[in-house]
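Undergrad: A predicted structure for the sequence below; I have some questions about it.
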Amino acid sequence: MTLYETIFVRRSVRKYDKTPLDDETLRGIQKILDEAERIDGQTGRFEIVVGSRVKNATAPHYIFAFSEANDGAYANVGYVLQKVDLYLQSIGVGSVWLGAGKPVESAPDYVIMLAFGKTEVPLRSGAQDFRRLVLGEISDGDNAVAQAARLAPSAANSQPWKLHFEDGKVTVRYFGRGLLKAMLKKMNKVDIGIVLRHIEIALLKEGKTVRSVTATAAAGGGDLTAEITYVD
């Protein structure tokens, strides 16, 4: 299954077989993690760890994400790990984002973790199985790219974004929703990166060439804005 196809059947998995994945599968996951594109100017640090390094672990494996404490760096975490998330589910491995997950050993630059492992939980049957806002609430365009973006996972399913389409560019603006805006501020910046990855994958499916992926906060501490530019 391709990453694009996986967008439409992906499911957050919370029940796992505790049996570890084989070394070959883990090497493949590490390769995807190492080669995943970064947002322009961002790096981050990502580490595959065993369940014993997570408090109250429910999965055999996790990926810890570490970054600088700024909006662009948080978005980069989402952008990188969502490619891994989709890859995992495309090969039949379950996964879930854990904003509330706690490493056994704390680190000041820790951001979030992704749990993964073998599961019997099935994928969704299609886009109709997702509980999401209607497209008009998150996007000024109704097209295949927006449809893929709409299905991106987010903290508390908050979908904290507004999409704007122009020729050669898609802009994603952070849009916190109600009380969740204060509660999920850091996690919602990670969410911006997650939706950027869905947009990029959908653009590539349409035969576009992505030229740049950026994420910056407005001057004076304004809200995060991200852009993907592309050519036909």
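TA: Yes, it's here.
Undergrad: make it CA atoms for all contacts and neighbour counts henceforth
TA: Will do.
Undergrad: okay, now the domains of this protein?
TA: Using automatic domain parsing, the domain ranges for the chain come out as 3-117, 127-231.
Undergrad: tabulate those domains (a markdown table), appending mean neighbour count and mean pLDDT.
TA: Shown next, in a markdown table, are the domains of the chain (neighbours: other C-alpha atoms under 10 Å; pLDDT from 0 to 100):
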| stretch | mean neighbour count | mean pLDDT |
| --- | --- | --- |
| domain 3-117 | 19 | 97 |
| domain 127-231 | 18 | 92 |
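Undergrad: quick one: the strands in the chain?
TA: 45-50, 61-66, 94-98, 110-117, 161-166, 169-174, 209-217, 224-231 (DSSP state E).
Undergrad: any chance of JSON lines for the ones you listed, columns distance to Ala202?
TA: Below are those laid out as JSON lines (distance: least, C-alpha to C-alpha, whole Å):
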{"stretch": "strand 45-50", "distance to Ala202": "25"}
{"stretch": "strand 61-66", "distance to Ala202": "25"}
{"stretch": "strand 94-98", "distance to Ala202": "21"}
{"stretch": "strand 110-117", "distance to Ala202": "22"}
{"stretch": "strand 161-166", "distance to Ala202": "14"}
{"stretch": "strand 169-174", "distance to Ala202": "12"}
{"stretch": "strand 209-217", "distance to Ala202": "11"}
{"stretch": "strand 224-231", "distance to Ala202": "12"}
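Undergrad: out of those strands, flag the one nearest Asp17.
TA: strand 110-117 (6.9 Å; C-alpha to C-alpha).
Undergrad: for that closest one, packing partners?
TA: strand 61-66, helix 71-90, strand 94-98 (3 or more C-alpha pairs under 8 Å, 6 or more residues apart in numbering; DSSP states H and E).
Undergrad: how far off centre is that strand?
TA: The chain centre lies 11 Å from the centre of strand 110-117; the measure is C-alpha atoms, centre = their mean, to the nearest Å.
Undergrad: try stretch 196-205
TA: Per C-alpha atoms, centre = their mean, the centroid offset for stretch 196-205 relative to its chain is 12 Å.
Undergrad: how about residues contacting that stretch?
TA: Here stretch 196-205 makes contact (C-alpha atoms under 8 Å, 6 or more residues apart in numbering) with 3-4, 7, 79-80, 82-83, 144-146, 148-149, 152, 172, 209-210, 226, 228.
Undergrad: now with 7 Å?
TA: 4, 79, 82-83, 145, 148-149, 152 (C-alpha atoms under 7 Å, 6 or more residues apart in numbering).
Undergrad: related to what we said a few turns ago, need the helices and strands packed on strand 110-117 in CSV (columns: distance to Ile29).
TA: As requested, these are exported to CSV (distance: least, C-alpha to C-alpha, whole Å):
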stretch, distance to Ile29
strand 61-66, 10
helix 71-90, 7
strand 94-98, 12
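Undergrad: nearest to Asp34, of the ones you listed?
TA: helix 71-90 (9.3 Å).
Undergrad: now Ile91: closest residue in space, sequence neighbours ignored.
TA: Met1 (7.3 Å; C-alpha to C-alpha, 6 or more residues apart in numbering).
Undergrad: distance of the one you found relative to Val13?
TA: 18 Å (C-alpha to C-alpha, to the nearest Å).
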